[in-house]
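# I'd like to go over a predicted model; first the sequence, then the structure.
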Amino acid sequence: KKKIRILDIMEMKKNSQRISSITCYDATFARIIESTNIDLVLVGDSLGNVIQGKNTTIKVSVNDIAYHVSCVSSTLKTPLLVGDMPFISAGLSRSETTHNAGILIQAGAEAVKIEGASPEICDHINFLIRHGIPVMGHIGLMPQSVNALSGFRIQGKNDEDKEKLMNEAKELQKAGCFAVVLELVTPKTAQFISEALAIPTIGIGSGNFCDGNILVLQDMLGMNKQFKPKFLKHFLDLEESIKNAVNNYCGDVKSAKSESI
Ligand code: KIV
Ligand code: NA
């Protein structure tokens with residue numbers, strides 16, 4: 001299989017090929033994903049929810065992400081591997097942003113993702129790119145800003161928000177991002193932005209007109225069924241399968257039936 005690089009991700013948009021992306025946090029899942037058609041893998045700070053059991057991503061540290069990047073990078077070879085910059089790890093100063101991004105790259109990430117598009121963030125993104133670290137942007141619902149955004153709400157609803165998101169997307173493109181995540185943006189706004197940008201948009205909960213899509217692995221596998229936002233399709237009922245398997249095992253143990261235990 002041909003290794004997917006930044007240039008391939010950008011070319012896919014030009015060739016009207018959509019970009020399939022997923023999150024991953026460990027080597028076992030990474031080995032399975034390696035055998036699929038996924039183009040891009042993100043070690044997201046959603047590991048705060050999925051791995052650490054918190055209800056926001058705010059407590060996730062750079063070292064948490066780095067640890068999971070190193071787990072994933074040991075078995076993932078083909079898809080582009082992106083590490084998420086967690087809460088406050090980007091935007092304070094160029095040197096702090098670069099130091100933190102460097103930790104993720106040294107752990108095995110091939111690019112980093114940064115939430116936001118403030119002038120400081122855009123400056124730091126450009127600084128990283130000039131130092132050889134590719135960056136994926138992330139606007140719309142930014143879970144790290146849940147307090148400032150007053151909750152997990154859909155973004156880009158009115159014309160003013162739509163224009164604001166469009167400007168942010170253009171600033172991120174200008175700064176040198178190779179792609180931008182649009183999270184929980186109305187489908188119309190996401191389409192409007194996707195058509196205006198030369199770089200690909202990767203949607204999550206943002207309709208079908210982005211240049212690609214990303215979902216959280218455990219969520220799309222139906223391992224986290226109490227979390228069911230409208231956009232989220234369960235492609236498997238893994239929670240049920242695991243429950244049944246573990247209960248079958250319990251049954252075998254209790255009755256001393258199985259020879260394999
Ligand atoms: O942390 C994450 O998983 C993400 C994606 C959902 C875009 O940021
Ligand atoms: Na994230």
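Noted; the coordinates are in hand. Please read these numbers as outputs of a predicted model, since none were measured by experiment. Ligands and ions are numbered 1, 2, ... in the order given.
# what does the stretch 1-150 of the chain put close to ligand 2?
With the criterion set to Cβ under 5 Å from the ion, the stretch 1-150 of the chain comes near ligand 2 through Gly44, Asp45, Asp84. In this view, the C-beta of every residue, glycine as well, is placed from N, C-alpha and C.
# 8 Å instead, please
For the stretch 1-150 of the chain, the contact set with ligand 2 under Cβ under 8 Å from the ion comprises Leu42, Gly44, Asp45, Ser46, Thr57, Asp84, Pro86, Lys113, Glu115, His138, Pro143, Gln144.
# from the residues you listed, list just the buried residues.
Buried members of these, scored by 16 or more other Cβ atoms under 10 Å, are Leu42, Gly44, Asp45, Ser46, Thr57, Asp84, Pro86, Lys113, Glu115, His138, Pro143, Gln144.
# near ligand 1, from those?
When these are checked against ligand 1 using Cβ under 6 Å from any ligand atom, the ones in range are Leu42, Gly44, Asp45, Ser46, Asp84.
# closest point of the stretch 101-250 of the chain to ligand 2, which residue?
Going by Cβ to the ion, ligand 2 is nearest to Pro143 of the stretch 101-250 of the chain, at 6.1 Å.
# what score does the residue nearest to that residue when sequence neighbours are not counted have for pLDDT?
Closest residue to Pro143 apart from its sequence neighbours, by Cβ to Cβ, 6 or more residues apart in numbering: Thr57 at 4.8 Å. pLDDT recorded at Thr57 is 95.
# for the chain, which segments count as helices?
All helices of the chain, identified by DSSP state H, fall at 6-14, 27-34, 47-50, 62-73, 94-107, 119-130, 159-175, 187-196, 217-220, 238-255.
# output those helices as TSV; include the columns mean pLDDT, distance to ligand 1 and mean neighbour count.
Below are the helices of the chain laid out as TSV (pLDDT from 0 to 100; distance: least, Cβ to the nearest ligand atom, whole Å; neighbours: other Cβ atoms under 10 Å):
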stretch	mean pLDDT	distance to ligand 1	mean neighbour count
helix 6-14	98	15	16
helix 27-34	98	13	17
helix 47-50	97	7	22
helix 62-73	98	9	22
helix 94-107	98	13	19
helix 119-130	98	15	19
helix 159-175	97	14	17
helix 187-196	98	13	20
helix 217-220	97	9	21
helix 238-255	95	18	12
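# wait, which of those helices is closest to Asp211?
For the helices of the chain, proximity to Asp211 was assessed by Cβ to Cβ; helix 6-14 is nearest, at 4.8 Å.
# what's in contact with the closest one?
Residues outside helix 6-14 that contact it (Cβ atoms under 8 Å, 6 or more residues apart in numbering): 2, 18-19, 39-40, 80, 110-111, 134, 178-179, 198-200, 211-212.
# how far off centre is that helix?
17 Å (Cα atoms, centre = their mean, to the nearest Å).
# for Gly251, what are its contacts?
Lys257.
# returning to what we had before: pull the most distant pair out of the ones next to ligand 1 among the buried ones among the residues of the stretch 1-150 of the chain next to ligand 2.
Pairwise distances among these were taken by Cβ to Cβ; the largest, 9.4 Å, belongs to Leu42 and Asp45.
# so how far is ligand 1 from the closest residue to Thr28 other than its chain neighbours?
Of all residues not flanking Thr28 in the chain, Thr75 sits nearest, at 7.8 Å (Cβ to Cβ, 6+ apart). As judged by Cβ to the nearest ligand atom, to the nearest Å, Thr75 and ligand 1 stand 19 Å apart.
# in the chain, which residue sits closest to ligand 1?
Gly44 (2.3 Å; Cβ to the nearest ligand atom).
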